[in-house]
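>>> fold the following and give me the result.
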Amino acid sequence: MTIYTISYDLRNESGTADYKPLWTELNRLDAHRTQDSVWLASINATATELHNHMKKFIDSDDRLMVDEFKANNHYSNARFGTIAWLKKNSMS
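All right, here's what the predicted structure looks like:
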């Protein structure tokens, strides 16, 4: 499995209800939220396949980026559970 970062900007949203379909799908994929609009997902798919799948849960004017999460990364003050999620889902 490959770990990806999924980041988004939901534009013209009026409240958290607009985010629920996206968050529900990210939770179904057992993704982990590391920042307000950044999640990690470990999945058997290409970045293109994951991107196309996640587009179903956002509006056409929203922004979405899917990137492969490489071993050489640095972060600080990630949300609780991020390090444990990475250890659980790491290929190494």
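
>>> by mean pLDDT, which helix or strand of the chain comes out lowest?
helix 82-89 (a mean of 85; mean pLDDT, DSSP states H and E).

>>> buried residues, it. List them.
Within helix 82-89, the residues that qualify as buried are Thr82, Trp85, Leu86, Asn89, counting by 16 or more other C-beta atoms under 10 Å. Any C-beta I mention is one placed from the backbone N, CA and C, and that applies to glycine too.

>>> again with stretch 24-38
By neighbour count on 16+ other C-beta under 10 Å, the buried set for stretch 24-38 is Glu25, Leu26, Leu29, Ala31, His32, Arg33, Thr34, Val38.

>>> what is the host helix or strand of the second one packed up against?
So the one you mean is Leu26. Secondary structure assignment for Leu26, by DSSP states H and E: helix 20-28. Helix 20-28 sits against no helix or strand, with contacts defined as 3 or more C-beta pairs under 8 Å, 6 or more residues apart in numbering; DSSP states H and E.

>>> dump the C-alpha coordinates for that helix into PDB.
The C-alpha coordinates for helix 20-28 follow below in PDB (Å, rounded to 0.1, in the frame of the first residue of the first chain):
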ATOM      1  CA  LYS A  20     -19.500  15.800   5.800                       C
ATOM      2  CA  PRO A  21     -19.500  13.700   2.600                       C
ATOM      3  CA  LEU A  22     -15.800  14.200   2.200                       C
ATOM      4  CA  TRP A  23     -15.000  13.500   5.900                       C
ATOM      5  CA  THR A  24     -17.200  10.400   5.900                       C
ATOM      6  CA  GLU A  25     -15.300   9.000   2.900                       C
ATOM      7  CA  LEU A  26     -11.900   9.800   4.400                       C
ATOM      8  CA  ASN A  27     -13.000   8.000   7.600                       C
ATOM      9  CA  ARG A  28     -14.300   5.100   5.600                       C
END
